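Asks: Pasting the sequence and the predicted coordinates here, then a few questions.
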Amino acid sequence: MAAPQPPHATRLTPPHGLARPDQVRRRDVVRTLVGVSALNELQYRVNFFLQLFQSLVALATAIAVVALVFLYTPTLGGWSPWELMVLVGVHTALGGVIRSVIQPSMQLLMEDIREGKLDFALTKPVDAQLLVSLRRITVWPLVDVIVGLGVVVVAALQADVSITLVGVAIFPVTLVLGAAMIYCLWLIITTGAFWVVRMEHVAELFNGLYQAGRWPIGLFPGWLRTIFTVLVPLAFAVTLPSEVLTGRAGLLALGGATLFALVLATFTRWFWRLGIKNYAGASA
């Protein structure tokens, strides 16, 4: 007697207008994550004024330090006061991007790895790296971006240098490359939490090293310049945009920064996937 045949499986299709899970577009994911984070932050609008006050105090402190230095010398490593203020503006703006977009999600990722809660992100029908990189965004530190760019514009106009159209055109490109490099570095540090439980101290070390970025890389000894170029890419992230805008660097430097960013992004992607393979979460 022949065994009964199982009924034919019915293929389920999503309703018209709804995408399958594997067809979720990255653009929609980014829009949703950013929108949710913005709504959460906008509930506390007084934080805007607190952040603005904090940004202005930090900027005033940086200006006071620069002014104090130039009381004793007309130039610092070939940089005039206004050229150095361009660098301070870039440092301030990039710091706002780090505190707003990069650091919050990386700290949340560290917590999820340590507590075994990363499963909730890994099981979503989207790229896990994209999801963990944008899950938590704080809006108000973006005030630093506005303040920093304002300082860049004022300082560049006051500096005794010739601002070229090429420099103005590639300046935002170098800013994006710099932010991408800092993101890669943060993700590499955070991915180390798959093997080392407590990575918060390493993150604090990065924050301390980042403060060195308010000075041109050329002022440091050779071994520190190597560290701030390869291991902590402040040379590309902060100094290079300032050099591009003030005419100290051009397309050749931009090409080198682009190549380094591609290599770093490739390594970061590989290292992230290696960390995922070694993850043992709540479902393990």
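Replies: That came in fine, so what should we check first?
Asks: Output the contacting helices and strands for the helix or strand where Val88 lies.
Replies: In the assignment (DSSP states H and E), Val88 maps to helix 81-97. If contacts are counted by 3 or more CB pairs under 8 Å, 6 or more residues apart in numbering; DSSP states H and E, helix 81-97 sits against helix 46-69, helix 142-158, helix 165-191, helix 240-245. From N, CA and C alone the C-beta is placed, and that goes for glycine too.
Asks: among those, which is the most enclosed?
Replies: Most buried of those, by mean neighbour count (mean count of other CB atoms under 10 Å): helix 240-245, with a mean of 27.
Asks: what separates the helix or strand that that one is followed by from the chain centre, distance-wise?
Replies: Using DSSP H and E, the next helix or strand after helix 240-245 towards the C-terminus is helix 251-277. Between the centre of helix 251-277 and the centre of its chain there are 13 Å (CA atoms, centre = their mean, to the nearest Å).
Asks: Of all the helices and strands packed on helix 81-97, which one is nearest Val132?
Replies: Among these, helix 165-191 comes nearest to Val132, with 8.5 Å by CB to CB.
Asks: Please work out the average pLDDT along the closest one.
Replies: Average pLDDT, helix 165-191: 93.
Asks: What's the first helix or strand after that helix?
Replies: In N-to-C order, the element after helix 165-191 by DSSP H and E is helix 200-210.
Asks: For that next one, name the packing helices and strands.
Replies: On a contact count with 3+ CB pairs under 8 Å, 6+ apart, helix 200-210 meets helix 103-115, helix 165-191.
Asks: cutoff 10 Å now
Replies: Contact analysis of helix 200-210 by 3 or more CB pairs under 10 Å, 6 or more residues apart in numbering; DSSP states H and E lists helix 81-97, helix 103-115, helix 165-191 as its packing neighbours.
Asks: Save those helices as CSV, and put in distance to Arg198 too.
Replies: Listed next are the helices and strands packed on helix 200-210 as CSV, based on distance: least, CB to CB, whole Å:
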stretch, distance to Arg198
helix 81-97, 24
helix 103-115, 8
helix 165-191, 12
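Asks: mind checking which of these is nearest Val151?
Replies: So among the helices and strands packed on helix 200-210, helix 81-97 is nearest, using CB to CB, at 3.3 Å.
Asks: so how far is the closest one from its chain's centroid?
Replies: Using CA atoms, centre = their mean, the offset of helix 81-97 from its chain centre is 15 Å.
Asks: How about stretch 271-283?
Replies: 22 Å.
Asks: which parts of that stretch are buried?
Replies: Across stretch 271-283, burial judged by 16 or more other CB atoms under 10 Å covers 271-272, 275, 279, 281.
Asks: picking up where we left off before, what's the angle between the helix holding Val88 and helix 200-210?
Replies: Per axes from the mean of the first three to the mean of the last three CA atoms, to 10 degrees, the angle that helix 81-97 makes with helix 200-210 is 160 degrees.
Asks: Of all pairs in the buried residues of stretch 271-283, which one is the farthest apart?
Replies: So, these by CB to CB: farthest apart are Phe271 and Gly281, at 18.4 Å.
Asks: on that earlier part again, let's have the helices and strands packed on helix 81-97 in TSV, adding distance to Met85.
Replies: Below are the helices and strands packed on helix 81-97 laid out as TSV (distance: least, CB to CB, whole Å):
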stretch	distance to Met85
helix 46-69	6
helix 142-158	4
helix 165-191	15
helix 240-245	9
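Asks: Can you check which of the ones you listed gets nearest to Glu115?
Replies: Between Glu115 and the helices and strands packed on helix 81-97, the shortest separation by CB to CB is 14.1 Å, and it involves helix 165-191.
Asks: If you count contacts, what does the closest one end up packed against?
Replies: Judged by 3+ CB pairs under 10 Å, 6+ apart, helix 165-191 is in contact with helix 81-97, helix 103-115, helix 128-133, helix 142-158, helix 200-210, helix 234, helix 240-245, helix 251-277.
Asks: Could you list every helix and strand that the fourth one packs against?
Replies: On a contact count with 3+ CB pairs under 10 Å, 6+ apart, helix 142-158 meets helix 46-69, helix 81-97, helix 165-191, helix 240-245.
Asks: what stretches of the stretch 51-200 of the chain score poorly on pLDDT?
Replies: Within the stretch 51-200 of the chain, no range satisfies pLDDT under 70.
Asks: Thanks again, I'm all set now.
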